[in-house]
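Novice: Using only what follows, build the 3D model:
(one chain, ligands or ions: 2)
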Amino acid sequence: MCFLKNKKILITGVISNRSIAYGIAESCKKQGADLAFTYANERFKSRVKDIAEKFHSKICIPCDVSDDNQIKNLFEEISSKWEHLDGLVHSIGFAPKEAISGKFLSGITRENFAIAHDISVYSLPAITKSLLPLMSNRKSSIITMSYVGAEKYVPNYNLMGLAKASLESSVRYLASDLGDLNIRVNGISSGPIKTLAASGIKDFSNILNFVKDVAPLKRNVTIEEIGNTAAFLLSDLSSGITGEIIHVDVGFSSVVGIPKNNNII
Ligand SMILES: NC(=O)c1ccc[n+]([C@@H]2O[C@H](COP(=O)([O-])OP(=O)(O)OC[C@H]3O[C@@H](n4cnc5c(N)ncnc54)[C@H](O)[C@@H]3O)[C@@H](O)[C@H]2O)c1
Ligand SMILES: Cc1c(CN(C)C(=O)CCc2cnc3c(c2)CCC(=O)N3)oc2ccccc12
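Specialist: Ligands and ions are numbered 1, 2, ... in the order given. Sure, this is the predicted structure:
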């Protein structure tokens, strides 16, 4: 079966073959989609172009989401190649380093707060607004990436937790705004995965091991598993789902933290 046959999907956030967006591209390709990619700046152009070619895509568009002109230009670029857009994958998150380690209060500054929310949250409605004419009344689907740190305290996640909480709320507000244009908007709350964005995080391996100890499936989630859920949310199989955040985290967020040996007392 090809659940995304002939669907045209724009994928942001691919920077390596370990990116969550890379796993999403793989699943969407397997389900028959045509793909287009964005890259954050010239430094990444050649590597994203190489990845795009792997997915038989010739559409690679610069889009640093801190630049309104580049977000606006997305519409020009996409509409010059495709008449419409069936899917949008938002897989972008960033906060200044000092805001995602140590004490929450020590990393909070007005500037850090603005940067984290600008890049990790505002970018979703901004890109949606730019591409809306291409997505309206086509049963299009938009997905974004979140993390359990939006809902509960996760040591060091700090300012990104606030940003993800705002991002998850934007999913619900976008879903209501766009329902009458037959556009669905959902989020995937992924378990921790060793990607480039994760590589700079202190003791990331402790986080991965903690999930392995307490999550029901006693392992970590993979970008392939995130990709499969993304393909489902981008396809008509999920036609009744919008404004939803689906946890794809091997059950981690469903437990209070039961140790491996199950000897609770
Ligand atoms: N890795 C995890 O453990 C994990 C878990 C849950 C959610 N997430 C979220 O998944 C998404 C993808 O992250 P990832 O883990 O695949 O890491 P990644 O480093 O592979 O991807 C992050 C992407 O964000 C892009 N980006 C950063 N600043 C940008 C800007 N100004 N303009 C445009 N793009 C910009 C980078 O270019 C990169 O492609 C992020 O939203 C992240 O918060 C990650
Ligand atoms: C999990 C987990 C992640 C992965 N994840 C869910 C993320 O959302 C990563 C987001 C992220 C945002 N901004 C930056 C970085 C990563 C590293 C490089 C940088 O300078 N800024 O990040 C954490 C940070 C602290 C604690 C846990 C985690």
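Novice: what's the neighbour count on residue 198?
Specialist: 15 (other CB atoms under 10 Å). Where C-beta positions appear, they are placed from N, C-alpha and C, glycine not excepted.
Novice: next one: phi and psi at it?
Specialist: phi -90, psi -20 (degrees, to the nearest 10).
Novice: So is the helix or strand where residue 186 lies next to ligand 2?
Specialist: Using DSSP states H and E, residue 186 sits in strand 184-190. No: Strand 184-190 stays clear of ligand 2 (CB under 6 Å from any ligand atom), getting no nearer than 7.2 Å.
Novice: for that strand, packing partners?
Specialist: Under the contact definition 3 or more CB pairs under 8 Å, 6 or more residues apart in numbering; DSSP states H and E, strand 184-190 sits against strand 141-146, helix 158-178, helix 223-234, strand 245-248.
Novice: of these, which approaches residue 83 most closely?
Specialist: strand 141-146 (17.4 Å; CB to CB).
Novice: Which strands or helices does the closest one pack on?
Specialist: Applying 3+ CB pairs under 8 Å, 6+ apart, we find strand 141-146 packed against strand 87-90, helix 123-135, helix 158-178, strand 184-190, helix 223-234.
Novice: Excluding sequence neighbours, find me the nearest residue to residue 164.
Specialist: Leaving aside its sequence neighbours, residue 164 sits nearest to residue 150 (CB to CB, 6 or more residues apart in numbering; 3.4 Å).
Novice: Could you measure from residue 33 over to ligand 1?
Specialist: The gap separating residue 33 from ligand 1 is 19 Å, by CB to the nearest ligand atom, to the nearest Å.
Novice: if we can go back for a sec, tell me which of the helices and strands packed on strand 184-190 sits most buried.
Specialist: strand 141-146 (a mean of 26; mean count of other CB atoms under 10 Å).
Novice: how close does the closest residue to residue 217 other than its chain neighbours get to ligand 2?
Specialist: Among residues not flanking residue 217 along the chain, residue 250 sits closest, at 3.8 Å (CB to CB, 6+ apart). Residue 250 is 13 Å from ligand 2, where distance means CB to the nearest ligand atom.
Novice: Is stretch 56-69 positioned near ligand 2?
Specialist: No: Stretch 56-69 stays out of contact with ligand 2 when judged by CB under 6 Å from any ligand atom, the minimum separation being 13.2 Å.
Novice: What are the buried residues along stretch 13-27?
Specialist: Neighbour counts over stretch 13-27 (16 or more other CB atoms under 10 Å) mark 13, 14, 15, 19, 20, 21, 22, 23, 24, 25, 26, 27 as buried.
Novice: cool, and stretch 37-46?
Specialist: Neighbour-count burial for stretch 37-46 [16+ other CB under 10 Å]: 37, 38, 39, 40, 44.
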